[in-house]
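Visitor: starting from these lines, generate the structure:
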Amino acid sequence: MTGTSRKTFLITGVSSGLGRAFAQGALEAGHRVIGTVRRPDDAQALAALAPDRAHVLQLDVTDYPAIPAAVADAESRAGPIDVLVNNAGYGHEGVLEESSMDDLQRQFAANVFGPVAMMKAVLPGMRARRRGHIVNVTSMGGFITMPGISFYCGSKFALEGISEALGKEVRGFGIRVTALAPGQFRTDWAGRSMDRTPRSIADYDAVMDPLRAARQAKSGNQPGDPSKAARALLALVEAENPPTRLFLGADALALVDQKLDAIRAERDAWDALSRSTNFER
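Guide: Numbering: from 1, shown residues only. Alright, predicted model coming up:
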């Protein structure tokens, strides 16, 4: 490799979408990749990309007890993990009142608890080596919100907060943590990969019906290019001072800017009441 050192990536959820693009991009750049898949049928496709540098790990990130041994096995085959990319997860669509507690538990199991279990498995080695980079794939929905995906946004807000706090805990060990927050990318996130709660309460029709129809119609035509997201990931892990949070896509940046403006306006409007709660000196 020219200009960069070869790294070992552990990327969860590489069977499709951004995870597949991340794995392919890293392999094309000459890195080693350990990619997790849930189904044996998905394993051969990854291994064929680079038989000498692509290693497949059959693992469901919600099977928390299996993760430490799986990571140890992967490192024994591919070497110490330099970069963990927590990509596995899915979207849940449904207004909060119509969605079940089981829906919420499944969403957090995949999008929060699984990534945390993966981080706990790689951190001892990274800390001992005094180097490493953890990239948690969140979403613009981890900073901005939209109706109808409250559980999804909640899970991504949680992963954003965990990422930011963890980064402060481990920075002194040479470990960097970045929340990678994509906007709309041309993947199956809003298509076959999305879990949709059936509609049942007519009061929400005016909010949900147009949103659900628009999201389904746009699936497959999103503006984001997964291969360019992979290039951004590679640039991120080569950066000397990587950011705490990196948004991907002009759509994400536009919505983030709108929210930042709204936060500032609301904060200023309620400034006096906020300050009124201190003891008088």
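Visitor: going forward, measure contacts and count neighbours with C-alpha atoms only.
Guide: OK.
Visitor: tell me the pLDDT at Ala254?
Guide: If you check Ala254, the pLDDT there is 97.
Visitor: what about it, how many residues nearby?
Guide: Neighbourhood size, Ala254 [other C-alpha atoms under 10 Å]: 11.
Visitor: swap in Phe9?
Guide: Residues near Phe9, counting by other C-alpha under 10 Å: 26.
Visitor: what kind of secondary structure is it in?
Guide: State at Phe9, reduced to three classes by DSSP: H, G, I helix; E, B strand; the rest coil: strand.
Visitor: quick one: secondary structure of Val85?
Guide: Secondary structure, three-state DSSP: Val85 is strand.
Visitor: surely it meets Asn136?
Guide: Yes - counting by C-alpha atoms under 8 Å, Val85 does reach Asn136; the two are 5.9 Å apart.
Visitor: any stretches of the stretch 101-250 of the chain with poor pLDDT?
Guide: 188-192 (pLDDT under 70).
Visitor: all helices of it, in order?
Guide: 101-108, 114-129, 150-170, 205-218, 226-238, 250-269 (DSSP state H, counting those that start in this stretch).
Visitor: what separation do you get for Asp225 and Val137?
Guide: Asp225 is 16 Å from Val137, where distance means C-alpha to C-alpha, to the nearest Å.
Visitor: neighbour-wise, which of these two wins?
Guide: Neighbour count, other C-alpha under 10 Å: between Asp225 and Val137, Val137 has more, with 27 against 15.
Visitor: find the nearest non-adjacent residue to that one, please.
Guide: Residue nearest to Val137 in three dimensions, not counting chain neighbours: Leu180, with 4.7 Å by C-alpha to C-alpha, 6 or more residues apart in numbering.
Visitor: neighbours of that neighbour, how many?
Guide: Counted with other C-alpha under 10 Å, the neighbours of Leu180 add up to 28.
Visitor: now do Asp203
Guide: Here the count is done by other C-alpha under 10 Å, and Asp203 has 8 residues near it.
Visitor: hang on, Ala47 packs against Leu57?
Guide: No - here Ala47 does not reach Leu57: they are 10.3 Å apart, not a contact under C-alpha under 8 Å.
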